[in-house]
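> no sequence on this one, just coordinates:
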């Protein structure tokens with residue numbers, strides 16, 4: 001006879017109270033962090049609104065009004081209607097002056113009030129995550145102002161660095177104000193960084209993934225940050241959308257991937273993007289090193305970098321017959337991507353390649369000199385223009401290889417940054433969200449994966465670490481995880497004896513035994529070898545400083561108790577905590593049956609050696625045989 005169905009199966013609502021309890025338990029454990037992430041998302045979204053508006057204001061009153069340069073913008077670019085239009089004709093020679101003035105002002109602000117705000121802010125946020133260093137509250141504000149001036153006056157930089165540092169800085173500050181644990185504060189920092197990316201590029205999913213992926217140069221994710229960053233990213237995106245609308249950044253064509261043979265030219269694109277990324281990272285850090293060793297005041301260096309940026313833009317402008325698209329090597333440069341997506345055949349492969357190579361130079365000059373701005377935006381321009389150049393070249397010579405050259409623009413954006421920043425998965429998502437084109441996810445995954453695999457170890461973000469085990473933020477938990485699988489008994493030798501003291505041993509015997517012992521700690525035992533305490537060399541040395549007391553001192557006078565002596569079955573992670581609790585370099589090991597009979601000694605250094613052997617797969621190496629030598 002069949003057993004009756006359980007009450008849970010007969011009454012579907014029976015499991016609901018258990019579900020509520022589970023949900024309440026999860027919310028209690030993560031409530032503070034998740035609640036804080038909503039606030040972080042609001043602040044990051046408002047920061048993105050403020051920064052975007054500041055950039056437009058600076059562009060309007062410098063490049064537009066003064067130089068007459070009105071750069072083309074993406075279709076979904078935020079606009080401020082109250083700024084109005086300008087009628088100033090283009091005066092290219094002013095592009096040699098306006099960026100220089102902007103670089104000077106930015107440099108003076110940064111190096112006077114917050115020197116750590118120089119360069120691209122994402123790298124600083126990554127370093128703060130790994131090292132647990134707080135971001136000073138003034139840094140995000142200085143970063144916002146300096147970056148708006150740098151980029152708005154024609155310096156080559158992106159918006160993700162400043163807004164990532166704004167979000168990360170607020171997350172770090174909020175964690176300290178709420179007195180959260182260091183691990184929780186790190187999560188808020190990462191969530192703030194992802195929220196900033198989500199808002200400024202209108203890419204909430206990519207923002208969450210980017211915050212988790214960008215921490216490492218290997219294909220590892222900061223799993224604990226994904227959900228909090230996702231929550232903050234949604235809130236930040238909605239906050240930004242209230243002010244500037246909800247569409248994607250670029251108006252991209254509707255492309256289709258329905259021919260597997262198309263992966264062959266995309267393979268060529270991935271190879272080209274990997275090579276271009278290697279050129280980018282090396283050029284960028286060559287300029288950074290060159291400016292660092294240039295012996296002039298640091299505050300003046302961004303002026304020269306920005307002036308050189310303007311010079312390159314003007315040279316390309318005249319080289320390509322006064323085409324304003326050549327000036328995309330300055331400022332944001334997104335306009336050329338928009339046109340390359342919609343009307344690729346209106347351009348030439350030479351123009352797009354020149355802009356890509358020029359953008360590599362101008363970004364290194366602007367940011368490497370100490371200017372404030374991000375590197376993601378320029379990377380999109382470099383990758384999109386480089387990919388578009390290859391697509392147009394193939395389309396002109398072998399049309400069947402590139403029937404849709406505009407697809408090379410979109411995939412070039414994704415593949416280039418995946419190789420340069422070591423973030424293949426979040427990059428393909430952010431490009432899909434920025435363009436609204438999800439039909440190209442499959443070839444984007446193909447290009448991003450191969451470009452990442454073909455790239456070298458040099459990353460745009462030097463603060464990245466190779467993997468979680470090398471991050472200072474996780475070394476403690478990683479050590480504990482490794483040591484939890486090891487036990488104290490692996491240090492014990494069956495036939496070894498332990499150098500011990502008895503309570504009535506005089507000072508001369510104590511000194512003799514300490515000199516003969518392999519450790520600086522000697523156990524004190526009774527006649528049955530039961531542990532009474534330990535004598536520590538450092539404490540004995542202090543006690544012997546009084547000559548009058550030396551003849552009267554016994555081992556029991558120098559002895560100190562031991563909190564929770566070790567047993568053979570103790571895990572090494574627990575033993576490590578016992579060492580910290582007793583503040584000793586060695587501890588006695590007693591029998592597990594409760595008799596307290598001393599059977600060995602373990603040094604604190606032995607745990608470190610065991611950890612290294614476990615990590616490097618050398619568990620079979622012989623133990624130090626000197627641990628247990630000597631007469632009792």
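Good, I have the coordinates. Nothing here was measured: the structure is a model prediction, and the numbers come from that model.
> what about the stretch 401-550 of the chain, any weak spots by pLDDT?
475-485 (pLDDT under 70).
> show me where it has strands.
521-525, 531-536 (DSSP state E, counting those that start in this stretch).
> just those: most buried one?
Burial of the strands of the stretch 401-550 of the chain is given as mean neighbour count (mean count of other C-beta atoms under 10 Å); strand 521-525 ranks first at a mean of 26. For every residue, glycine as well, the C-beta is placed using N, CA and C.
> hmm, who's touching that one?
The contact list for strand 521-525, computed with C-beta atoms under 8 Å, 6 or more residues apart in numbering, reads 498-503, 510, 513-514, 531-537, 555-556, 559, 584-588, 598, 601.
> how much space separates the spatially closest residue to residue 88 that is not a sequence neighbour from residue 151?
Using C-beta to C-beta, 6 or more residues apart in numbering and skipping residues adjacent in sequence, the residue nearest residue 88 is residue 68, 3.9 Å away. Using C-beta to C-beta, to the nearest Å, we find residue 68 at a distance of 18 Å from residue 151.
> who's more crowded, these two?
Using other C-beta atoms under 10 Å as the criterion, residue 68 and residue 151 rank with residue 151 on top: 33 against 16.
> starting at the chain centroid, how far to stretch 414-434?
Distance, stretch centre to chain centre, for stretch 414-434: 15 Å (C-alpha atoms, centre = their mean, to the nearest Å).
> got the buried residues for it?
For stretch 414-434, burial by neighbour count (16 or more other C-beta atoms under 10 Å) applies to 414-434.
> what's the answer for stretch 251-264, then?
Buried-residue list, stretch 251-264, by 16+ other C-beta under 10 Å: 252, 255, 257, 262, 263.
> next step: those restricted to helices.
Per DSSP state H, helices hold the following members of those: residue 263.
> returning to what we had before: OK, contacts around the residue nearest to residue 88?
86, 88, 89, 90, 91, 94.
> and the contacts of strand 521-525, which are buried?
The buried subset of those (16+ other C-beta under 10 Å) comprises 498-502, 510, 513-514, 531-537, 555, 559, 584, 586-588, 598, 601.
> residues in contact with stretch 561-568?
In contact with stretch 561-568 (C-beta under 8 Å, 6+ apart) are residues 487-489, 492, 531, 533-534, 575, 578, 581-582, 584, 587-592, 596, 599, 602.
> go again using 7 Å as the cut-off
487-489, 492, 531, 533-534, 575, 578, 581-582, 587-590, 592, 602 (C-beta atoms under 7 Å, 6 or more residues apart in numbering).
> repeat for stretch 73-87
52-53, 56, 60, 64-65, 244, 247-251, 334-335, 338.
> 10 Å - rerun?
Around stretch 73-87, the neighbours that count as contacts under C-beta atoms under 10 Å, 6 or more residues apart in numbering are 48-49, 52-53, 55-57, 59-61, 63-66, 68, 70, 200, 202, 240, 243-252, 332, 334-335, 337-339, 341-342, 434-436.
> select only the buried ones of those residues in ChimeraX?
Those of the contacts of stretch 73-87 that count as buried under 16+ other C-beta under 10 Å are selected in ChimeraX with:
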select :48,49,52,53,55,56,59,60,63,64,66,68,70,200,202,240,244,248,249,250,252,332,334,335,337,338,339,341,434,435
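> what strand or helix carries the nearest residue to residue 185 once chain neighbours are set aside?
Among residues not flanking residue 185 along the chain, residue 175 sits closest, at 2.9 Å (C-beta to C-beta, 6+ apart). Taking DSSP states H and E as the criterion, residue 175 maps to helix 160-177.
> what packs against the next helix or strand after that helix?
Where DSSP H and E defines the elements, the next helix or strand beyond helix 160-177 is helix 182-201. Contacts defined by 3 or more C-beta pairs under 10 Å, 6 or more residues apart in numbering; DSSP states H and E place helix 182-201 against helix 16-59, helix 121-131, helix 160-177, helix 204-213, helix 223-244, helix 376-397, helix 424-435, helix 475-483.
> which stretch in these has the least confidence?
For the helices and strands packed on helix 182-201, the bottom mean pLDDT is recorded on helix 475-483, which sits at a mean of 60.
> nearest residue to residue 602 in space, please, no chain neighbours.
residue 491 (5.0 Å).
> ugh, wrong one, I meant residue 208
residue 230 (3.8 Å).
> what sits against the one you found?
Applying C-beta under 10 Å, 6+ apart to residue 230 gives the contacts 37, 41, 191, 194-195, 198, 204-205, 207-209, 211-212.
> returning to that earlier point: would you turn the buried residues of stretch 251-264 into TSV with distance to residue 527?
Shown next, in TSV, are the buried residues of stretch 251-264 (distance: C-beta to C-beta, whole Å):
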residue	distance to residue 527
252	86
255	88
257	84
262	86
263	81
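> quick check, nearest of the buried residues of stretch 251-264 to residue 225?
residue 252 (29.3 Å; C-beta to C-beta).
> could you find the closest non-adjacent residue to the closest one?
That would be residue 435: by C-beta to C-beta, 6+ apart, it lies 3.7 Å from residue 252.
> wait, that neighbour sits on residue 253?
Yes - with contacts counted by C-beta atoms under 10 Å, residue 435 reaches residue 253, the gap being 9.0 Å.
> do I have it right that residue 117 meets residue 123?
No - here residue 117 does not reach residue 123: they are 11.7 Å apart, not a contact under C-beta under 10 Å.
> neighbour count: these two, which is higher?
Neighbour count, other C-beta under 10 Å: between residue 117 and residue 123, residue 117 has more, with 30 against 21.
> where's the more buried one relative to residue 550, distance?
61 Å.
> do the same with residue 45
In terms of C-beta to C-beta, residue 45 sits 72 Å off from residue 550.
> more crowded one of those two?
Using other C-beta under 10 Å as the criterion, residue 45 and residue 550 rank with residue 45 on top: 29 against 14.
> residue contacts, the more buried one?
Residue 45 sits in contact with 163, 167, 195-196, 198-200, 232-243, where contact means C-beta under 10 Å, 6+ apart.
> of these, buried ones?
163, 167, 195-196, 198-200, 232-241.
> could you find the closest non-adjacent residue to residue 532?
Per C-beta to C-beta, 6+ apart, closest to residue 532 is residue 524, 4.8 Å.
> for the one you found, give the beta-bridge partners.
residue 501, residue 533 (DSSP bridges).
> who are the neighbours in contact with residue 317?
69, 90, 92, 95, 323, 324, 325, 326, 327, 329, 330.
> the last one and residue 315 touch, don't they?
This means residue 330. No - counting by C-beta under 10 Å, residue 330 sits too far from residue 315 to count as a contact (11.5 Å).
> between the two, what contacts are shared?
With C-beta under 10 Å, 6+ apart as the test, residue 330 and residue 315 both reach residue 358.
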